[in-house]
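Asker: Predicted coordinates and the sequence they were generated for:
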Amino acid sequence: MWWKLLLFFWIAAFSAIGILTPIAGTLGDVAMMGQMGSAKEIPVKFEIADKSTAAVGADGAAFVMRGIDAQGRSADFAFASNPSDFDAATGYIVQGRYDAAAHRVIVSKVLSTNPGMTFPFIPGLEERAKIILFHVPVSWMTVIAFLVSMWYGIRYLRKKDLEDDAKSAISAGLGLLFCILATTTGSVWAKFNWGSFWNWDPRETSIFVLLLVYGAYFALRSALDIEEKRASLSAVYGILAFVTVPFFIFIMPRILPGLHPGSADDTNSGPVVSSGGMNATMRIVLYSMLLGHIVLYAWLMRLRVSVTRLAMRKADGA
Amino acid sequence: MNTTDVMRSIIAILGKDVRSELRTRYAVNALLMFVVVTLSVILFSLAGETVARSVHAGLLWVVMFFAAMSGLARSFVAEEERGTTLTLQLLATPVSVYIGKLLFNTALTLLLNSFIVLLFLLFIPDFTPAQPGLFWTVVLLGGVAVSSATTIIAAIIARANTKGTLFPVLSFPILLPLLMSGISATKIAMEEQAWTSAWADLQLLGSYIVVVVTASILLFEHVWKD
Amino acid sequence: MYEFLEQNSIYVVMTIVLMVWSGVFLYLLRIDGQVRKLESKK
Amino acid sequence: MLTVKVASVAKHFNRRPVFADVSFEVRAGEVFGIVGRNGSGKSTLLKIIAGVLTPSRGSVAYELDGVAVPPELLFRSIGFVAPYLMLFDEFSAAENIRLFAGVRGIPCPDSAASALLERVGLPTDREDPVRAFSSGMKQRLKLAFAILHRPPVLLFDEPISNLDSDGVATVHAIIREQRERGCVIIATNDQSDIAQCDRVQAVSSGA
């Protein structure tokens, strides 16, 4: 029982951390935005380098302090007014933009004082980068559930135990659930990031194919009325789908150009998880979420298996 | 059981299917008519308009896919309907049956695909592949890939209740990787691009065939025997 | 609505989280229903 | 010498037992009968013995001179006749015979095919497809299908159905001859078939 509570708090806590942790860029990020000519202000995190030098700016700026970012680069930050909590502060997350001529960051708003953990700022993604913490675990579960389904399918073909077939079908059902969740969450996100709900990017195609495979798997199961036959034929189909679908999930998205990280024309990052856009904090939260989802999957699987087992026993006893 | 024995029974099963087809013309006549009908629908809808070559590649594959979907399930469904599945089980090993049927389906697909391409070349005026060599390679390799994947699915659905409707449902997701690379390679062949740009697609088609046939040989026994 | 969501993308993230959670919750409800049905058949 | 060992075989369909725990052993030279009412699973048991159906529990083993026959090669040691066994309708009788021989890899000159057709009492000169045959003639062709490769085991499911008295005599002659070569297992309810058997085992559903 205790682990179910732990699981609940684990996922809830990391979801909260994921949602509440602020996104903050470095001086490099804000300078890049400035160079691109964007008037957009971005959040920047820095530590105050030397409190004693902070003063009213010579050029009339209300308050200027020297700050060092996480990469050790330093610059002046020009505040619009004297921050009231300056005495207690060691650092800030501020919203601002880079003024190249004056070599300083013009601060429009103080977002937080003495910041703790932050997620990196990714141009064009910002807060939306946090989808990775929810969408990626669900997508992983889709594939893992499918793998488990195939594993039990193979076991059925070897041992002809109908319980293995039941497990295979249950795992496929869970996979379908996760697959639908991954598709819809991804699609909602795509609307706000890429501008449309569906773009037929290779990875979107691959998850669509996975949906079709699961659909076909259950269509086949419902078309077979003798249990033994249903078990072996659906196991064969599951295995067949698994040896062809990876062409999509792992090979095609990497050799074809696309929008997802890790596509062929994406030069700056590898596969999603090792992408350079994440810092240690984000990676820890992502892996914790993955772990939480795996345990959640195992729990749901166990629940369904015991329900099925009960139903079988009842049917046999009746 | 040595290889020559297996080869001999494969050839005998293939020969049986070919002679049966020649005698009854169940599949071939209907399929050729199907192709003619589909193509005429395309011609109606294109009437006088010029379409990009890449669209032609897509149209060609649509016709090839649906021709395969309507024709390739027959090999196993017919055995099941006539009740000769048991007879074949008692005559040969599952592997010989599978390979015999695979060869028959492949021959049928290649014949069908060549016929489709011929009609396209004759009746669609701007259907002119810039690289005929690559074009035919893709069409024939694609045909082999389609038949390799559909043969085992035909064997699966032959044992199910709703045979006809289930076939495209089960085939489509498994065929999609090959359809996509087939279409992309055909596009390259239609346009004046370098041969080498189709290399990744051709590799994908080749490895697809190897993977699917290997998996089918290993799994067929479980489909074939109750 | 669209513009609001686009400018406050944290809500987009929240929507996605909510969707994931409601999916899992519905699945749990289904299992719960199955268990109840089994128990009532005793 | 050949032995067929059926060890506590059970078969379920949708968790409902067709029959449970059938065990027997048939040795070369024997004719073994399986009797039981309609629906008792005689045909299912025969298919399991033929290796085309997997038992839910238990096993069937063939031993040839003390060496186990691998299950994938079982079809070479078995001749099977049953009402639900179908032949290739669109070919003539002789073509069917040549096809069987071809798939099995047995050389089959025209003379051998004619001899076999005569053996089961079919005309050797009919060119029309089997589709046009009467059910008795089809039954005779099934006999030819079973004995073509001279298998050590013959599995007969109601072998004399649709046959005239002449045909019944042919079946019984084949059974007698088979004693020299191996064994016969017959699933039947016909008294004249049972009279051919040395031993008889009853199967019944749920037993």
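Answerer: Thanks, I have the structure now.
Asker: Burial check on residue A:317, number of neighbours?
Answerer: Residue A:317 has 6 neighbours, counted by other C-beta atoms under 10 Å in any protein chain shown. The C-beta positions use only the backbone N, C-alpha and C, and glycine is treated the same way.
Asker: Next one: it from residue A:311, what distance?
Answerer: Look at residue A:317 and residue A:311: by C-beta to C-beta, to the nearest Å, they are 11 Å apart.
Asker: list the residues that contact both of those two?
Answerer: Taking C-beta atoms under 8 Å, 6 or more residues apart in numbering or on different chains as the contact rule, residue A:317 and residue A:311 touch no residue in common.
Asker: Now do the same for residue D:106: its pLDDT.
Answerer: With respect to pLDDT, residue D:106 scores 87.
Asker: ok, and the closest non-adjacent residue to the closest residue to chain A within chain D?
Answerer: Proximity of chain D to chain A (C-beta to the nearest C-beta) peaks at residue D:14, 5.0 Å away. Nearest non-adjacent residue to residue D:14, counting by C-beta to C-beta, 6 or more residues apart in numbering or on different chains: residue A:227, 5.0 Å away.
Asker: May I see the buried residues of the lengthiest helix in chain C?
Answerer: In chain C, assigned by DSSP state H, the helix with the most residues is helix C:9-40. Neighbour-count burial for helix C:9-40 flags C:9, C:12-14, C:16-17, C:19-20, C:23-24, C:27, C:34 (criterion: 16 or more other C-beta atoms under 10 Å in any protein chain shown).
Asker: Same check on stretch D:71-78?
Answerer: So stretch D:71-78, judged by 16+ other C-beta under 10 Å, has buried residues D:74-78.
Asker: That stretch close to chain B?
Answerer: Yes. Using C-beta under 8 Å from any C-beta of the partner chain, we find that stretch D:71-78 touches chain B at D:72-73, D:75, D:78.
Asker: picking that back up, distance-wise, check the residue nearest to residue D:14 relative to residue B:172.
Answerer: For residue A:227 relative to residue B:172 (C-beta to C-beta), the value is 26 Å.
Asker: Then residue B:146?
Answerer: According to C-beta to C-beta, residue B:146 and residue B:172 sit 12 Å apart.
Asker: and what of residue B:139?
Answerer: Taken as C-beta to C-beta, the span from residue B:139 to residue B:172 is 20 Å.
Asker: Give the residue spans of the chain that score low on pLDDT.
Answerer: Let's take chain A. Applying pLDDT under 70 to chain A flags the ranges A:58-61, A:247-277, A:318.
Asker: Switch to chain D, please.
Answerer: Counting by pLDDT under 70, chain D shows low-confidence ranges at D:205-207.
Asker: What parts of it come near chain B?
Answerer: D:47, D:50, D:52-54, D:72-73, D:75, D:78, D:80, D:82, D:84-91, D:99-100, D:102-105, D:145.
Asker: go on, chain C?
Answerer: Checking chain C against chain B by C-beta under 8 Å from any C-beta, there are no hits.
Asker: hmm, which helix or strand of chain C has the shakiest average pLDDT?
Answerer: The helix or strand of chain C with the poorest confidence is helix C:2-7; it has a mean of 69 (mean pLDDT, DSSP states H and E).
Asker: ok, which stretches of chain A are strands?
Answerer: With DSSP state E, the ranges of strands along chain A come out as A:23-24, A:42-48, A:63-68, A:74-79, A:91-99, A:104-113, A:119-120.
Asker: quick one, which of those is packed in tightest?
Answerer: strand A:23-24 (a mean of 24; mean count of other C-beta atoms under 10 Å in any protein chain shown).
Asker: quick one: is that strand near chain C?
Answerer: No. Strand A:23-24 does not reach chain C (C-beta under 8 Å from any C-beta); its nearest approach is 9.1 Å.
Asker: Show me how far that strand is from its chain's centre.
Answerer: 16 Å (C-alpha atoms, centre = their mean, to the nearest Å).
Asker: and residue A:299, what is it in contact with?
Answerer: Residue A:299 neighbours (C-beta under 8 Å, 6+ apart): A:4, A:7.
Asker: hang on, residue B:219 is in a helix, isn't it?
Answerer: Yes. Under DSSP: H, G, I helix; E, B strand; the rest coil, residue B:219 sits within a helix.
Asker: Leaving out chain neighbours, which residue sits closest to it?
Answerer: Excluding the flanking residues, the one nearest residue B:219 by C-beta to C-beta, 6+ apart is residue A:236, at 4.7 Å.
Asker: separation between that neighbour and residue A:166?
Answerer: Taken as C-beta to C-beta, the span from residue A:236 to residue A:166 is 17 Å.
Asker: With residue D:114 instead?
Answerer: The gap separating residue D:114 from residue A:166 is 55 Å, by C-beta to C-beta.
Asker: Residue A:307 too?
Answerer: 10 Å.
Asker: is it true that residue B:56 touches residue B:125?
Answerer: No. Applying C-beta atoms under 8 Å, one finds residue B:56 not in contact with residue B:125, separated by 10.7 Å.
Asker: who in chain C is up against chain A?
Answerer: So far as C-beta under 8 Å from any C-beta goes, chain C lies against chain A at C:5-6, C:8-10, C:12-17, C:19-20, C:23-24, C:27-28, C:31, C:34-35, C:38, C:41.
Asker: at 7 Å instead, please
Answerer: C:5-6, C:9-10, C:12-17, C:19-20, C:23-24, C:27, C:31, C:34-35, C:38, C:41 (C-beta under 7 Å from any C-beta of the partner chain).
Asker: can you map out the helices along the chain?
Answerer: As the question left the chain open, I've gone with chain A. So, for chain A - with DSSP H - the helices run A:2-20, A:27-35, A:132-159, A:162-193, A:202-222, A:227-244, A:246, A:252-255, A:280-317.
Asker: think we crossed wires, I meant chain D
Answerer: Going by DSSP H, chain D shows helices at D:42-50, D:93-104, D:110-119, D:135-147, D:165-181, D:191-194.
Asker: Tabulate the CA atom coordinates of the fourth one in CSV.
Answerer: Extracted in CSV, the C-alpha atoms of helix D:135-147 (Å, rounded to 0.1, in the frame of the first residue of the first chain):
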residue,chain,number,x,y,z
SER,D,135,-19.1,-37.7,-52.9
GLY,D,136,-18.3,-41.4,-53.0
MET,D,137,-15.7,-40.8,-55.8
LYS,D,138,-14.2,-37.9,-53.8
GLN,D,139,-14.0,-40.2,-50.8
ARG,D,140,-12.1,-42.7,-53.0
LEU,D,141,-9.7,-40.0,-54.1
LYS,D,142,-9.1,-39.1,-50.4
LEU,D,143,-8.0,-42.7,-49.9
ALA,D,144,-5.5,-42.3,-52.6
PHE,D,145,-4.3,-39.1,-50.9
ALA,D,146,-3.7,-41.0,-47.7
ILE,D,147,-1.9,-44.0,-49.1
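Asker: Just the buried positions in it, please.
Answerer: Buried, per 16+ other C-beta under 10 Å, within helix D:135-147: D:137-147.
Asker: Give me the residues contacting that helix.
Answerer: D:79-81, D:85, D:87, D:93, D:96-97, D:100, D:116-117, D:120-122, D:130, D:154, D:161-164, D:167, D:171, D:174 (C-beta atoms under 7 Å, 6 or more residues apart in numbering or on different chains).
Asker: burial count for residue B:215?
Answerer: Neighbourhood size, residue B:215 [other C-beta under 10 Å]: 19.
Asker: For residue A:77, give its distance to chain D.
Answerer: 74 Å (C-beta to the nearest C-beta, to the nearest Å).
Asker: From residue A:102, how far off is that residue?
Answerer: For residue A:77, the distance to residue A:102 - C-beta to C-beta - is 11 Å.
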